[in-house]
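Chemist: Next come a sequence and a model predicted from it.
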Amino acid sequence: MNIAHPTAAKTSTSNPLVSLVSPMAALGPLALRLGFGVTFIFYGWQKLTGLSGFANMMLGGNVFVASLVTIAELAGGLGMVIGFVLLMMGRDGLGDLVTRLAGLAIIPVMLGAIFMVHWPKGFHFMPMDGTPIGGFSYQFMLLLVAVYFVAKGNTDLKA
């Protein structure tokens with residue numbers, strides 16, 4: 001699917017912002033990868049070091065499901081970083097596969113977080129009604145980024 005932007009025919013000279021940021025364009029996919037990967041490494045590690053607390057607070061004490069979520073978050077985060085490193089080492093195919101699998105590991109976690117925990121609070125991410133848990137907008141964005149990585153793999157990093 002190729003979606004043409006209405007201003008695609010215009011050159012960067014007609015938009016000074018494009019000229020200003022174009023040298024940084026290659027950093028965008030890397031920044032998205034690192035931010036996504038580090039986020040899931042952080043939250044996965046946090047769950048790992050407090051597994052029973054996470055299970056009790058969010059999953060009704062189900063340590064098995066809490067363990068699966070923790071493994072998926074750590075694997076997804078680490079996989080995102082490793083997929084990039086493999087690409088830089090010239091292992092394009094393997095790096096692409098690892099990146100796609102990392103995104104795939106996160107999708108069920110975010111769907112579970114949205115529908116099992118955050119949905120009743122609505123879309124807004126801020127905690128409301130006297131509870132420490134907000135709505136699902138943050139998890140929704142992470143879900144969409146995961147879908148992006150499943151669909152694109154490392155193709156957005158290749159020149």
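Modeler: Good, I have the coordinates.

Chemist: Low-confidence stretches in this structure?
Modeler: For the chain, applying pLDDT under 70 flags the ranges 1-13, 122-123, 125-132, 158-159.

Chemist: could you pull out the helices for it?
Modeler: With DSSP state H applied, the chain shows helices at 16-21, 27-49, 51-58, 63-88, 92-112, 137-152, listed in chain order.

Chemist: Let me have the ones you listed in TSV, extended by mean neighbour count and distance to residue 118.
Modeler: Where you see a C-beta, it was placed from the backbone N, CA and C, and this is true even at glycine. As requested, the helices of the chain are exported to TSV (neighbours: other C-beta atoms under 10 Å; distance: least, C-beta to C-beta, whole Å):
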stretch	mean neighbour count	distance to residue 118
helix 16-21	11	33
helix 27-49	16	14
helix 51-58	16	10
helix 63-88	20	14
helix 92-112	20	10
helix 137-152	17	6
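
Chemist: Between those helices, which one is closest to residue 119.
Modeler: Evaluated over the helices of the chain, closeness to residue 119 peaks at helix 137-152, with 9.5 Å, by C-beta to C-beta.

Chemist: So which elements touch the closest one?
Modeler: If you count contacts as 3 or more C-beta pairs under 8 Å, 6 or more residues apart in numbering; DSSP states H and E, helix 137-152 packs onto helix 27-49, helix 92-112.

Chemist: for the last one, the distance to its chain's centre please.
Modeler: When distances are taken as C-alpha atoms, centre = their mean, to the nearest Å, helix 92-112 is centred 9 Å away from the chain's centroid.

Chemist: Counting by contacts, list what that helix packs against.
Modeler: Using 3+ C-beta pairs under 8 Å, 6+ apart, helix 92-112 sits against helix 27-49, helix 63-88, helix 137-152.
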